[in-house]
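Asks: build me a model from this:
(2 chains, ligands or ions: 2)
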Amino acid sequence: MATAKTIHVALAGNPNSGKTSVFNCLAGANQRVGNFSGVTVEKVEGSFQHRGYTIRLVDLPGTYSLSPYSPEEKVARDYILFQKPDMVVNVVDATNLERNLVLTTQLMDLEVELLVVLNMYDEVEKQKTTIDIEQFEHLFGAHTIPVSAVTKFGIRELLDHIVDIKSGAIDTKKYKHTYTDRTEEHIRRITELVGDRTLRPELPDRWLAIKLIENDPDVISLLQRSSGWEKVRPAMESIRADIQKSNRMEPDIYLMEERSAFIRGALQETVRNTEAEAETLTEKIDNILLHRVLGLPLFLFFMYLIFQLTFRLGEYPMHWIESFFHMISQALSAVIPDSIVKSVLLDGVIAGVGGVLVFLPNILILFLCISVLEATGYMARVAFVIDKLMHRIGLHGKSFIPMITGFGCTVPALMAARTLRNRGDRIATMMAVPFFSCGAKLPVYTVIISAFFAPGIAGNVLFGIYLFGVLIGLISAKLMKSTAFRDESEPFVMELPPYRKPSARSMFKQTGFRAWMYIRKAGTVILAASIIIWFAGTYPKNQDVHRRYEQLRQEQPADIAKLDRLENAEQLPYSVAGRIGKFLEPLTRPLGFDWRLNIALVNGLAAKEIVVSTMGTIYAIGDTESDPSSLAESLRNDPAYSPATGLAFMVFVLLYIPCMASVAVFSRESNSKKWTVIFVSYTLVVAWIFSFLVYQGASLLGM
Amino acid sequence: MRTEALKNEPLPLSDAVIGMRYLVTVVSAQGVIRQRMLDMGLVPGARLVVVRFAPLGDPIEIRINRFFMSLRKEEARQVEVLPLGPCPRREQATGTGFMRRFRGNC
Ligand SMILES: Nc1nc2c(ncn2[C@@H]2O[C@H](COP(=O)(O)OP(=O)(O)OP(=O)(O)O)[C@@H](O)[C@H]2O)c(=O)[nH]1
Ligand SMILES: [Mg+2]
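Replies: Ligands and ions are numbered 1, 2, ... in the order given. Here you go, the predicted model:
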């Protein structure tokens, strides 16, 4: 494939303007979309063919301007500045042009190849607004295409334009200057100085000049180290003083005003709104959801609803899947002759993988609920409602978004903390996130709760566990903020997007995608882990015990199956897994855990799904009854355990290290070995302390 | 509070009143927060309406054109605004039922 036939395109635009939606349309991808700013925090690439060209498309995090504010905005700016894509497709929210076009004018300053996409055109039309595209193109001097990523309107034209611009079939227009003549003169003067190649020749001169007039600290620190800096600085300072004197205004505000004036003027000429502005549906909804008195209770109610739904609604399909695996296991057991293969298959694979797949419905419902929160736009409201409380902890309303995402999966939640600007807030939030119980822990609670608690209170126990996690998370964040990061606090300035109806298709697709990931994990990682755990739980065998059972088997050939199970149970403590579990017993005895629960916890370090699958395998191996009953039943009937053990076990699973992947992501995101070590040890210590308290407390209460 | 706001004197945005229109006159915030405010359209010359305070009293929600944003009182204190009178839309909105359509532009 010739490189000449490759087009490198970057998608840039304000947060929440629909870049990822456009990306998904073009590249046929399935990246996360949500109706709040800061959904995408990392660049994502996709590649596809159009009319003989390979288009390498890059979706970037949203950014309000080219002066980055938070780390994910820096990713976007640096990509455009330093990776130099062939073309920047500026995705603009056409219902909100005044603000979105500020970035467009800044991209024009960069003098990159620019294609403006007026996205959300379906909403524009619904508002009975018309935009004179031709005039718009004329005023901005950039190709402009109306598009809707939701109805797919204009997507084909967009592709054609990308190819046509690259192939030269349409000429690129020269950008119009957005500033007044006097300002242009200032810019020209600095541009000449900057252009002498001693500064940063790889960066566009005009853009550097404008940033210098604005006194952008980021750009100044870029230039300070180059030799030409001393020549440029006096000129920059005199021009800044000049602007300040003649306009009685700081230069950055002055330039922003000129941009706004230009945009306002251009919009006056191009946008017609035939219908008087009415109170929008969003305002009406917010009058209720953000109501002074109702706002907070409603938020708590929604959270409660989600957990009830997840647990109650998920129960029915759960039973179906359970009986499905039970059926398979019985069918196989009748067909396959007794052998190691049979044991691996029944006690390893089916007990392990089946044990995890049973929870697919619960996890789907949970993910679906979180997607609804994200897609409607309520997520931003949560930040708004909760900010005051979070501020008291020393955090930011926006910190709550990663935390809620954490109910789904800790890994993306840790990454979502990037939208926080300062490092202290980010790390404090990341230390809180693992305590917001992730979806993979849900199966553990479900098994334990159905083993030890009456169905009537199951929902409340579950909600209590989640609430407890939230509490510990918030306290941890407070602890971090009042020790390590005392004086760093982030300002709260945030967009509240209009509510949007989540499209059933995209909800379905995203949830389906997550379901598939879960199933795939069950089929790969967990399958492998189940087999390994079976072996680790079966070998080595104690020869004395084995000999004794051999003899028994010869004496009572009718009871072979039963004897096998009894032997397995008796051999378990001698196996590798058993020894590890026994080794840890002194540490966990105060929490009420025996060596079998220890094995599950150790394996759970890899991923929380494995906790239940391990238990499935271990209790299947050790099951002394002829009919393998469900895991919950085995636990309930086991004399070693009480409801107090169950509670302590859930608390431990809730609080200790989420999984290996989360540790890796924490280390990458915090970029600090020290904090990664703290993350791991803190979660372990907290888990131990609280499980201890819960076990001892509950035992005292006679549970 | 309300009569005070109607007097045509500049005041910090943090003291603004719900349902009133204001003209931004000075943005005195510094550093990154200033940059962010400017980028989001909180520039001198912009008109805004104070929509509501959060249930716990902070932050504030404001509307600029069709764009809703929120900021803490702490930050709003660093923005100076001039009262322009009540927003006609809001006046009617509170006066009548839900489904009525309102004229006016603020
Ligand atoms: N009505 C309508 N909604 C759209 C359109 N494109 C995107 N949306 C919605 O706008 C919201 C934001 O979409 P995203 O694609 O996540 O926006 P983004 O620009 O990637 O956002 P960040 O990653 O946060 O910067 C979602 O709720 C989308 O469903 C469109 O053309 N019409
Ligand atoms: Mg995105």
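Asks: which ones are touching residue A:537?
Replies: For residue A:537, the contact set (CB atoms under 8 Å, 6 or more residues apart in numbering or on different chains) comprises A:572, A:575, A:576, A:577, A:578, A:599, A:617, A:618, A:621. For glycine as for every other residue, the C-beta is placed from the backbone atoms N, C-alpha and C.
Asks: out of those, who has the most neighbours?
Replies: Of all the contacts of residue A:537, the highest neighbour tally under other CB atoms under 10 Å in any protein chain shown goes to residue A:617, namely 34 neighbours.
Asks: tell me if it really is in a helix.
Replies: Yes - using DSSP: H, G, I helix; E, B strand; the rest coil, the assignment for residue A:617 is a helix.
Asks: contacts only, for it.
Replies: Taking CB under 8 Å, 6+ apart, one finds A:347, A:348, A:351, A:352, A:530, A:533, A:534, A:537 in contact with residue A:617.
Asks: quick check: phi and psi at residue 59.
Replies: Here I'm looking at chain A. Residue A:59 adopts backbone torsions of phi -90, psi 130, taken as degrees, to the nearest 10.
Asks: you answered for a different chain; I wanted chain B.
Replies: According to degrees, to the nearest 10, residue B:59 has phi -70, psi -180.
Asks: nearest to residue A:51, of the contacts of residue A:537?
Replies: residue A:617 (53.9 Å; CB to CB).
Asks: would you mind measuring from that closest one to residue A:609?
Replies: 13 Å (CB to CB, to the nearest Å).
Asks: can you map out the helices along the stretch 101-250 of chain A?
Replies: For the stretch 101-250 of chain A, applying DSSP state H, counting those that start in this stretch gives helices covering A:121-126, A:133-140, A:155-167, A:181-194, A:205-214, A:217-223, A:229-247.
Asks: export the contacts of residue A:617 to TSV and tack on distance to ligand 1?
Replies: Shown next, in TSV, are these (distance: CB to the nearest ligand atom, whole Å):
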residue	distance to ligand 1
A:347	45
A:348	42
A:351	40
A:352	36
A:530	37
A:533	39
A:534	43
A:537	45
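Asks: which of those fall within helices?
Replies: A:530, A:533, A:534, A:537 (DSSP state H).
Asks: dump the residue contacts of residue 41.
Replies: Since you didn't name a chain, this refers to chain A. A:61, A:71, A:72, A:75, A:415, A:416, A:418, A:419.
Asks: the intended chain is chain B.
Replies: A:98, A:99, A:102, A:260, B:64, B:65, B:67, B:69.
Asks: kindly report the same for residue A:685.
Replies: So residue A:685 contacts nothing (CB under 8 Å, 6+ apart).
Asks: and it, which helix or strand is it part of?
Replies: helix A:673-700 (DSSP states H and E).
Asks: for that helix, list every residue counted as buried.
Replies: A:675-676, A:678-680, A:682-683, A:686-688, A:690-692, A:694-695, A:698-699 (16 or more other CB atoms under 10 Å in any protein chain shown).
Asks: mind checking the pLDDT average for that helix?
Replies: Mean pLDDT, helix A:673-700: 95.
Asks: got it, and stretch A:458-477?
Replies: Computed over stretch A:458-477, the average pLDDT equals 91.
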